[in-house]
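Student: Next input, structure requested:
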Amino acid sequence: MSVSYLISSYNKSEYLASVLESVATELTMTGGDVLIIDDGSKDSSWSLIREFSAKDPRITCRRQENRGIFNVTNQLIASATEQWLRIIDCDDPLVIGSTSFMMQLAEDNDADYIFGSTSPYGPEPLTGGPVKLGEPHPSTVTILSDPLNYAIRDFNHIPTAALIRRRSIPASLRLNEELISCQDLALALRVFEHSRVARVDAAVCHQLVQSSKRLSANEALTYFQTIQILKEFGASKFDEEYRYIAMRKIVSRALKWMRHEKLITTAPMLYSRLLFLYATLLVSNPARWEYYLDSAAESYVGFFPPDGRVY
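Tutor: A predicted model of the protein is given here:
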């Protein structure tokens, strides 16, 4: 069972070296191949990638003008050749041994998608190299009883923390390239719809934190894009139960966001409307689920760049 390591790269040269080092080590353990797409970096990322790819014929790379993480993700998945895929952000080094560990657990539990936790670092680059996986404990594996429910209510892991069976990804998959963040959720929804999903209580990668360079550093953008993704997918895929779960989650999060950002006094009408909508959710399952999501989305407008930038 081999793995396609799929790396997206954009302007994070200071973190990239440790990611590439960890992938090279994992490749020797699992076999497979590596594909890196640099999305128009303006720093030294491309030089590092070219030097890295020259070391092993199993590593290929290409560079393009900046087109965004959804475009890159679509290309990476379409180009994958192995039975298992690991989609990697260029600032999240792998824990050594984690890929074969997750692959074995997925095989043992007949899972199509398995994810673990992360070990935070940053904002300075990782020093001392990636850590090795500790003693594995298969008993920590949990099979999600309702993957779509989890994706709506609790999804919070980064792409690098997951291993995906290639056959579980729809052949016709094409993520919406007009979106600019939360590609991990957009992909997971399409896999979780029909797949067996497992979670393991072990750190399988490092995660950069406290850095403004992370696309997810802007919470308002992350929350806003989450709403757009749920609406797009749920329009044809969610039944009444999933739409209700989405409404409660999204409206509740928007209220919490407004309190945290002290927007109750600056946008009292919106806050009051959201409070009313949440109250209705406590006693009924309204039919106009998109109206509830759109109302929640209003709370984030103005807190992220409106110019349509992709990074």
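Student: Could I get the phi/psi values of residue 203?
Tutor: phi -70, psi 120 (degrees, to the nearest 10).
Student: any idea where the helices of the protein begin and end?
Tutor: Using DSSP state H, the helices assigned to the chain run over residues 13-30, 45-53, 69-79, 98-108, 147-153, 183-192, 219-237, 240-260, 268-281, 289-297.
Student: quick one: buried residues of the fifth one?
Tutor: What it means is helix 147-153. Neighbour-count burial for helix 147-153 flags 147, 148, 150, 151, 152 (criterion: 16 or more other C-beta atoms under 10 Å). Every residue, glycine included, has its C-beta placed from N, CA and C.
Student: quick one: contacts for the first one?
Tutor: With contacts defined as C-beta atoms under 8 Å, 6 or more residues apart in numbering, the neighbours of residue 147 are 113, 192, 193, 195, 197.
Student: Not including adjacent chain positions, what is the nearest residue to residue 238?
Tutor: Spatially, and ignoring its direct neighbours in sequence, residue 238 is nearest to residue 246 (6.8 Å; C-beta to C-beta, 6 or more residues apart in numbering).
Student: Could you measure from the one you found over to residue 286?
Tutor: Computed with C-beta to C-beta, to the nearest Å, the distance linking residue 246 and residue 286 is 12 Å.
Student: okay, these two: which has more neighbours?
Tutor: residue 246 (26 against 14; other C-beta atoms under 10 Å).
Student: My guess is that one contacts residue 230. True?
Tutor: Yes. Residue 246 is in contact with residue 230 according to C-beta atoms under 8 Å; the separation is 5.2 Å.
Student: tell me, what residue is most central in this structure?
Tutor: Geometric centre of the chain, nearest residue: residue 184, 2.8 Å, by C-alpha atoms, centre = their mean.
Student: how close does it get to residue 219?
Tutor: 15 Å.
Student: now do residue 288
Tutor: 26 Å.
Student: before we move on, the earlier item: mutual contacts of residue 246 and residue 230, please.
Tutor: The contact lists of residue 246 and residue 230 share 152, 293, where a contact means C-beta under 8 Å, 6+ apart.
Student: burial measure for residue 201, as a count.
Tutor: Neighbours around residue 201, by other C-beta under 10 Å: 11.
Student: Check whether residue 123 really touches residue 210, as I assumed.
Tutor: Yes. At 4.7 Å, residue 123 counts as touching residue 210 under the criterion of C-beta under 8 Å.
Student: looking at it, residue 257 is touching residue 224, isn't it?
Tutor: No. The pair residue 257 and residue 224 does not pass the contact test of C-beta under 8 Å, sitting 10.2 Å apart.
Student: quick one, what contacts residue 52?
Tutor: 20, 24, 36, 59, 61.
Student: Show me which of the residues you listed is closest to residue 98.
Tutor: residue 24 (14.2 Å; C-beta to C-beta).
Student: Can you read off the pLDDT for that closest one?
Tutor: Residue 24 is assigned 96 on the pLDDT scale.
Student: The one 5 residues further on now?
Tutor: Each residue has a pLDDT score; the one for residue 29 is 95.
Student: now residue 1
Tutor: So, for residue 1, pLDDT stands at 68.
Student: Ok, residue 304 next?
Tutor: So residue 304 comes in at 82 (pLDDT).
Student: Quick check: chain neighbours aside, which residue is closest to residue 140?
Tutor: Nearest non-adjacent residue to residue 140 (C-beta to C-beta, 6+ apart): residue 201, at 4.0 Å.
Student: rewinding a little: so for residue 288 and residue 219, which residue has more residues nearby?
Tutor: residue 219 (15 against 12).
Student: What distance do you get for the more buried one to residue 82?
Tutor: For residue 219 relative to residue 82 (C-beta to C-beta), the value is 35 Å.
Student: Between the two ends of stretch 151-167, how far is it?
Tutor: Using C-alpha to C-alpha, to the nearest Å, one end of stretch 151-167 lies 20 Å from the other.
Student: Sorry, slip of the keys, the one I care about is stretch 3-18.
Tutor: Stretch 3-18: ends 19 Å apart by C-alpha to C-alpha.
Student: Number the chain from 50, please
Tutor: With the count now opening at 50, the last piece we talked about shows up as stretch 52-67.
Student: picking up where we left off before, looking at the contacts of residue 101, state which has the most neighbours.
Tutor: Most crowded among the contacts of residue 101, counting by other C-beta under 10 Å, is residue 85 at 29 neighbours.
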